[in-house]
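>>> pasting the structure only:
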């Protein structure tokens with residue numbers, strides 16, 4: 001498989017999800033890097049449409065779960081059902097047993113439900129009693145959060161946020177994209193259906209993953225990844241401001257995620273090697289949810305993205 005196949009898919013997705021090319025590319029990076037992503041943005045910014053369109057183009061199953069305060073863990077993972085004919089219990093798989101899962105407004109469900117989903121994401125299996133049920137080999141969760149309404153929400157703890165490969169922020173499209181959105185919705189309404197999607201086999205995704213892992217990464221680029229993560233943990237040698245802004249840095253998951261995402265980014269752009277530019281391109285989405293800012297930073301209105309920009313500016317490329 002060549003990266004041009006996925007680039008064609010990306011171009012088609014860009015035509016369906018107008019003005020959100022960053023989200024589209026991050027979805028494909030998560031797919032190639034075999035991870036999950038948390039997407040934060042206001043309602044109506046095509047977050048649901050993005051993963052649904054990917055599901056239309058990808059061989060496999062897609063399921064959307066609307067997270068609500070009355071949701072139970074079994075509503076996500078599945079539950080045992082008694083069958084009188086056999087006089088026994090049978091496990092009925094829940095919606096998490098799909099290839100693509102949209103966890104819509106994940107912060108609206110209680111901690112028990114969040115933990116059930118995050119355990120499935122981490123372990124790639126669901127345990128019920130003494131039995132464990134494996135999830136599909138191709139398994140991607142896109143969880144969404146609404147940053148506007150915080151009433152009746154259950155914020156994800158930092159340790160659970162760390163299980164997401166990427167934390168992507170989406171913003172409003174510009175005026176030209178807004179016009180294109182109007183034209184697209186009119187066209188779809190007139191035709192009664194969206195344009196036929198290209199079809200991508202799961203084997204092609206698995207091949208892309210192998211090729212991305214096989215890309216050449218120079219020792220200097222690998223060292224650059226390590227030093228970026230180390231700067232989040234021990235910022236004192238780089239800047240007094242950073243030292244005051246950061247309470248906790250990235251875990252080894254951050255190092256692994258930076259490596260996998262940089263490889264996926266390079267492969268998606270048709271290169272056979274990973275460059276520092278690939279690392280820098282994905283650094284914000286990898287670090288955003290893994291850095292714990294100090295009270296001083298929050299009081300001064302310093303955001304995590306500003307801290308990441310400062311780290312990228314101060315840490316030299318090896």
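Alright, I've got the coordinates. Note that this is a predicted model, so its numbers are computed, not measured.

>>> average pLDDT for the helix or strand harbouring residue 118?
If you go by DSSP states H and E, residue 118 is part of helix 111-123. The average pLDDT within helix 111-123 is 89.

>>> So which residues make contact with it?
36, 67, 71-73, 75-77, 96, 103, 106-107, 126, 135, 141, 143, 154, 156, 160, 163 (Cβ atoms under 8 Å, 6 or more residues apart in numbering). Bear in mind the C-beta positions are built from the backbone N, C-alpha and C, glycine included.

>>> hmm, try it at 6 Å
For helix 111-123, the external contacting residues (Cβ atoms under 6 Å, 6 or more residues apart in numbering) are 36, 71, 73, 76, 77, 96, 103, 126, 141, 154, 160, 163.

>>> Could you report the neighbour count for the third one?
Just to be clear, that refers to residue 73. 20 (other Cβ atoms under 10 Å).

>>> ok, it - contacts?
112, 113, 116.

>>> Show me where this protein has its strands.
37-40, 62-66, 78-83, 88-93, 100-104, 125-128, 131-134, 140-145, 166-169, 216-217, 246-248, 273-274, 292-293 (DSSP state E).

>>> re earlier: among the contacts of residue 73, which one has the most neighbours?
Result: residue 113 is most packed of the contacts of residue 73 (other Cβ under 10 Å), 25 neighbours.

>>> The contacts of residue 73 into CSV, with extra columns for distance to residue 6?
Shown next, in CSV, are the contacts of residue 73 (distance: Cβ to Cβ, whole Å):
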residue, distance to residue 6
112, 37
113, 33
116, 31
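
>>> Go through the residues you listed and name the one nearest residue 224.
residue 116 (37.2 Å; Cβ to Cβ).

>>> Now that closest one. Nearest residue, chain neighbours left out?
residue 73 (3.8 Å; Cβ to Cβ, 6 or more residues apart in numbering).

>>> again with residue 184
Per Cβ to Cβ, 6+ apart, closest to residue 184 is residue 18, 6.2 Å.

>>> list the contacts for that neighbour?
177, 180, 181.

>>> Drop the exposed ones from the residues you listed and show what's left.
Buried members of the contacts of residue 18, scored by 16 or more other Cβ atoms under 10 Å: none.

>>> can you put those residues in CSV and add pLDDT and distance to residue 48?
Shown next, in CSV, are these (pLDDT from 0 to 100; distance: Cβ to Cβ, whole Å):
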residue, pLDDT, distance to residue 48
177, 93, 18
180, 93, 19
181, 93, 15
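
>>> Now flag whichever of those residues is closest to residue 217.
residue 177 (35.0 Å).

>>> Pretty sure that closest one sits against residue 21.
No. The criterion here is Cβ atoms under 6 Å, and residue 177 misses it with residue 21 at 9.5 Å.

>>> re earlier: most neighbours, which of the contacts of helix 111-123?
residue 103 (28 neighbours).

>>> What residues are bridge-paired with it?
residue 65, residue 143 (DSSP bridges).

>>> Okay then, goodbye and thanks.
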